[in-house]
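> coordinates only, no sequence provided:
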Ligand SMILES: [Zn+2]
């Protein structure tokens, strides 16, 4: 689920953070380029609220990377 256009070597400490599962409240560790992770507790898919999707504007792997539903959401905002 890693975008080929991103490299963890350039990351800052704040680029890894914890997000509360909206369903059960357990903390899930997110990397800034994680689109979604599965909660280890309730097994629900949790979408990264801080995801920086700047790269999907230009990345040719974007649709495979984030999936068509995120692409749709992104274009709705504009
Ligand atoms: Zn959960």
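Cool, the structure landed. The structure displayed is predicted, hence computed values, not measured ones.

> by residue count, which helix of the protein is the longest?
Criterion DSSP state H: the longest helix present in the chain is helix 68-77.

> residues of this structure that sit close to the ion?
Where proximity means Cβ under 5 Å from the ion, the interface of the chain facing the ion comprises 21, 23, 24, 26, 39, 41, 42. No exception for glycine: its C-beta is placed from N, CA and C like everyone else's.

> how many residues are close by residue 73?
Counted with other Cβ atoms under 10 Å, residues neighbouring residue 73 total 12.

> now do the SS call for residue 54.
The three-state label given to residue 54 by DSSP: H, G, I helix; E, B strand; the rest coil is helix.

> so what's the residue count around it?
Look at residue 54: counted by other Cβ under 10 Å, it has 9 neighbours.

> any idea how far it is from residue 74?
To residue 74, residue 54 is 10 Å away according to Cβ to Cβ, to the nearest Å.

> ditto for residue 67
Taking Cβ to Cβ, one finds residue 67 at 11 Å from residue 74.

> same check, this time on residue 21
23 Å.

> out of the two, which sits in the more crowded spot?
Neighbour tally, residue 21 and residue 74, criterion other Cβ under 10 Å: the higher count belongs to residue 21, 17 against 14.

> quick one: residues contacting that one.
27, 28, 39, 41, 42, 44, 46 (Cβ atoms under 8 Å, 6 or more residues apart in numbering).

> the third one: what's its closest spatial neighbour, skipping adjacent residues?
Of all residues beyond its chain neighbours, the one nearest residue 39 is residue 21 (4.5 Å), with distances taken as Cβ to Cβ, 6 or more residues apart in numbering.
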